[in-house]
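# Sequence plus the predicted model coming up.
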Amino acid sequence: MLRNVEGIVLRSMDYGEGNKIISLFTSELGKVSVMARGAKKLKSRHAAATQVFTYADFVFYKQHGQMGSLNQADIIEAHHLLREDLNMSAYSAYLVEMTDRMHGDEEGSTYMFEQLKAGLQAIEDKKDMQIVVHLFEMKMLELAGYLPITDCCVSCGSASDLQSFSPGMGGVLCINCKFKDPFAALAAPGTLKLLKLFPRMDMRRLGAIQVKEETKVQLKTCMKAYMDHHIGIKWKSRGFIEQMEKYNI
């Protein structure tokens, strides 16, 4: 069957002498693998469209249970800058790695496709990359069914005097319940405000948000601990980001 869909390249792998296998994320078909014959050759008409982060209109032939074969690709957004800038590339890689590893094959989601598309564009538009990543992490947690409780105490239900964030208990804790998890991370009012806002925020409406450095440090601690506790995946791209931060790259 001939399919015509908009997609974003999550992975691009060399195959044989001149071919590539690309993993696409689409709104209609979800994640799908496609063979791009001859795409490794410099003069190939598919070379540019098979690069990671590329957003394009793909036409491919696919039979049930088999890998697709690329016929045509018209680039909508090449995202050259995301590949050329090391920091942008690292944060963008984390978005596509989350999408790739947390979606099953042919598991479609129009909403998540739009969130990924908007997230990559936000990074290219020089919006705060850390905030973009945390917002996308929250979308991934929602998809997996592990969205934290952030608008009231996960233990007693109180909406006042919230002070900490507990990955193990699944959300924020108030001053009276924080003793129930001695490993809960400190969360100041600014941090709690963003944790509460993220589940309701659409990436497509993300503006030029300004966040204090101490708030970003707390957010990173909370989100990293929560992702590790509930998802348990060793993210290669996140590890690279942490190495860059460690050596001030």
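Ah, there it is.
# For the residue nearest to residue 229 when sequence neighbours are not counted, give me its contacts.
Ranked by CB to CB, 6 or more residues apart in numbering and with sequence neighbours excluded, the top spatial neighbour of residue 229 is residue 167, at 4.0 Å. In this view, the C-beta of every residue, glycine as well, is placed from N, C-alpha and C. By CB atoms under 8 Å, 6 or more residues apart in numbering, the contact list for residue 167 reads 148, 185, 222, 225-226, 228-230.
# measure residue 167 to residue 183 for me?
Here residue 167 is placed at a distance of 8 Å from residue 183 (CB to CB, to the nearest Å).
# so residue 3 bridges to which residues?
residue 60 (DSSP bridges).
# Looks like it contacts residue 63 (just checking).
No - counting by CB atoms under 8 Å, residue 63 is not a contact partner of residue 3; they are 10.7 Å apart.
# At which residues are the strands of this protein located?
Under the criterion DSSP state E, the chain contains strands at 2-15, 19-26, 30-36, 55-61, 68-77, 162-166, 171-174, 185-186.
# Who does the shortest one pair with, and is each partner parallel or antiparallel?
Think strand 185-186. According to DSSP bridges, strand 185-186 has these partners: strand 162-166 (antiparallel).
# any residues touching the partner strand, and which ones?
When contacts are defined by CB under 8 Å, 6+ apart, strand 162-166 is touched by residues 148, 152-154, 171-175, 178, 180-181, 183-187, 191-192, 195, 222, 225-226.
# tell me the mean pLDDT for it?
In this model, strand 162-166 carries a mean pLDDT of 97.
# Stretch 62-72 now?
Looking at stretch 62-72 alone, the average pLDDT works out to 88.
# can you pull the buried residues of that stretch?
Along stretch 62-72, these residues count as buried under the neighbour rule (16 or more other CB atoms under 10 Å): 62, 68, 70-71.
# Distance of the residue of the chain most remote from its centre relative to residue 107?
Checked against the mean C-alpha position of the chain, the extreme residue using CA atoms, centre = their mean is residue 176, at a distance of 34.5 Å. For residue 176, the distance to residue 107 equals 41 Å [CB to CB].
# Domain parsing of the protein, as residue ranges.
The chain resolves into domains spanning 2-78, 81-246 when parsed by automatic domain parsing.
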